[in-house]
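In: just to be clear, the model below is a prediction. Sequence and coordinates:
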Amino acid sequence: MNGQEKTGGHVFQIRWIPKYTFVERLLHWVHTISFLPLVVTGLVLYVDALRPLTQGEAGLWMRLVHRLFALLFIGEPLLYGILQPRRLWMHMKEFSLERDDLDWLKNAFPYYVLGKHGAMPPQGRFNTGEKMNGMVMILTWILFVVSGVIMWFGKGIVSADLFRWMVLVHDLTMIAAVCMFVAHLFLAVAHPLMWAALVSMRFGVTSAAYASEHHAKWYYGPKRAKELYEAKKKMVSTEG
Amino acid sequence: MVRKAMLIDESKCTACRGCQVACKQWNDLGGWGYSKTTNVGSYENPPRLSPQTWTRIKFSEYEGANGFRWLFLKEGCMHCGDPACVHVCPTKALTQQADGRVTMNPDLCNGCGYCSQFCPFGIPKLEVSGVFTGMAKAFKCTFCQDRTDNGLIPSCVKTCPAQALFWGDRDSLIAAGKKRVGALRARGFSAANLYGENLVGGLGRLYVLIEKAEAYGLPADPKYPALSTAWKDIVQPLGKIALGGTILGTLVAWLVIRRKIKMEEVE
């Protein structure tokens, strides 16, 4: 119970430490339940096999549901920005890429796909991949909202050319966002190294051992994390 | 199948607007809500095409080489040979028939309005019952599809007392239109021309005009919208490759990761 289990006579205990606040988790899941119906009701226009769902009454329903969830999708980050602007700003800074992130990207494939135990540059509360996901989400949110609102309310008001561009932008944005979502979903539910990610987003806590390995800069602080990183790099290179 | 077309001889039109009435009557169109007019110093009425007005005579006051005159233009769907509305319609409510008519099935329409925004002539109109909910349906001239499907001629052509409207095989109407243009030029209408022979894949609505197209408010060189090609033929297919590739790539990565990373060694 509570993270304890007996393996080969040893008691193996997970020490849980807080990672995400309640509001952060709430926002994550509200965003999820607005994004997924938007994707489904939008994809009917895109996937030929789903065409019957676009036609007549069904199509009118799809468009209505798309609009209802769009309200949630648009409103939730706006509300957060109005109520907690400082925290929103903090997230933007957390998602900003730095020089270290390039090193992480270079080493990500052997580490996350091939299972090599090389030294990874220490990461903050969000690693480079999560930061990129965050950035793509912010960018696609802006593009979705601008193009969507213009298509929703601007028909006949804005020029036909602008409307056509917005249709194109909405599609391109969807493609980028859904590709990112597929990767995000896979990492969250199926990647063995990321086992604590979904736990954190559900219960707000993460394992201390997991945090020290994947989020050292956040767990140890930047200075100590760098020392440990240099030490590990040296160790790996002498071993190799 | 032989392509059908409507030839509209604007040199003969008297703007009696019998075509407007015949159109409303046959297609059972009301739409008085769209038709409230204000006096703008013209006999033009109703003021514009609407979901319930599929054709109307546009009045242009024009001062040309032959002095002042009214130019009449019977507006309506051009039934393009290369119809952008059909290509962007996600529901197949709009279809191009083998004889070139661009017909519609309102039961399939979901009101997205792409047709109205991608049409190079801005013809299809949306009947919007709720801006917020997006409830709408698009309408436009169908060349009286229920009549022409059954070998009859469109109701406007049937009713025209000035004999300015013709319905038939496109090739023979082009020949007739060119002949009429020649006759008009011989009578001193030096700017007379046939509009629509090669525009946007060849229009299904051909005009004999006595002045150049711009004088009637027609675009001189309408184009199939490039953004329709960019969207439907480039972005959407590439997007499908990108989405499929991402899903496939993730699957392959998962298969590799399953073998390479052992959960027992993971912290």
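Out: Yep, that arrived.

In: make it CA atoms for all contacts and neighbour counts henceforth
Out: Noted.

In: what is the burial count for residue B:214?
Out: 10 (other CA atoms under 10 Å in any protein chain shown).

In: okay, the residue lying closest to it once chain neighbours are set aside and chain A: tell me how far apart.
Out: Spatial nearest neighbour of residue B:214, chain neighbours left out: residue B:220 (6.0 Å); criterion: CA to CA, 6 or more residues apart in numbering or on different chains. Look at residue B:220 and chain A: by CA to the nearest CA, to the nearest Å, they are 18 Å apart.

In: pLDDT wise, what is residue B:220 at?
Out: Residue B:220 carries a pLDDT score of 94 in this model.

In: give me the element it is part of.
Out: Under the criterion DSSP states H and E, no helix or strand holds residue B:220.

In: got the phi and psi for it?
Out: When read as degrees, to the nearest 10, the backbone of residue B:220 gives phi -70, psi -40.

In: could you pull out the strands in the chain for me?
Out: As the question left the chain open, I've gone with chain A. Assigned strands in chain A, in chain order: A:4-7, A:10-13, A:16-18, A:205-207 (criterion: DSSP state E).

In: not what I meant, chain B
Out: B:4-9, B:56-64, B:67-75, B:94-96, B:102-104, B:125-130, B:135-139, B:165-169, B:193-195, B:205-209.

In: now the residue of chain B found nearest chain A, nearest residue through space, not along the chain?
Out: Residue of chain B nearest chain A, by CA to the nearest CA: residue B:108 (4.2 Å). The shortest distance from residue B:108 to any non-neighbouring residue, by CA to CA, 6+ apart, is to residue A:56 (4.2 Å).

In: is residue B:73 in a bridge, and if so with what?
Out: Note on residue B:73: beta-bridge partners by DSSP bridges are residue B:58.

In: that one: neighbouring residues, count only.
Out: By other CA under 10 Å, neighbour count at residue B:73 equals 24.

In: can you check the one 5 residues further on too?
Out: Neighbour count for residue B:78, taken as other CA under 10 Å: 27.

In: same check on residue A:72?
Out: Quick note: residue A:72 (other CA under 10 Å) scores 16 neighbours.

In: quick one: contacts for it?
Out: A:30, A:31, A:34 (CA atoms under 8 Å, 6 or more residues apart in numbering or on different chains).

In: now a ChimeraX select for only the buried ones of those.
Out: Of the contacts of residue A:72, the buried ones go into a single ChimeraX selection, burial set by 16 or more other CA atoms under 10 Å in any protein chain shown:
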select /A:31,34
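
In: out of the contacts of residue A:72, which comes closest to chain B?
Out: residue A:34 (17.1 Å).

In: any idea what residue B:207 is bridged to?
Out: What pairs with residue B:207, by the bridge criterion (DSSP bridges), is residue B:8, residue B:195.

In: does it touch residue B:12 like I think?
Out: No - assessed by CA atoms under 8 Å, residue B:207 is found out of contact with residue B:12, at 11.2 Å.

In: all helices of chain A, in order?
Out: A:22-43, A:56-83, A:85-95, A:100-108, A:128-153, A:160-189, A:195-203, A:208-214, A:216-220, A:222-239 (DSSP state H).

In: quick one: closest of those to residue B:86.
Out: helix A:160-189 (14.9 Å; CA to CA).

In: ok, back up a step: now the strands of chain B as a markdown table including mean pLDDT?
Out: Output for the strands of chain B, formatted as a markdown table (pLDDT from 0 to 100):
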| stretch | mean pLDDT |
| --- | --- |
| strand B:4-9 | 98 |
| strand B:56-64 | 92 |
| strand B:67-75 | 93 |
| strand B:94-96 | 97 |
| strand B:102-104 | 97 |
| strand B:125-130 | 93 |
| strand B:135-139 | 95 |
| strand B:165-169 | 98 |
| strand B:193-195 | 97 |
| strand B:205-209 | 98 |
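
In: look at residue B:207 and residue B:12 and report which has more neighbours.
Out: Set residue B:207 next to residue B:12 and count neighbours by other CA under 10 Å: residue B:207 wins out with 25 against 16.

In: cool, thanks, signing off.
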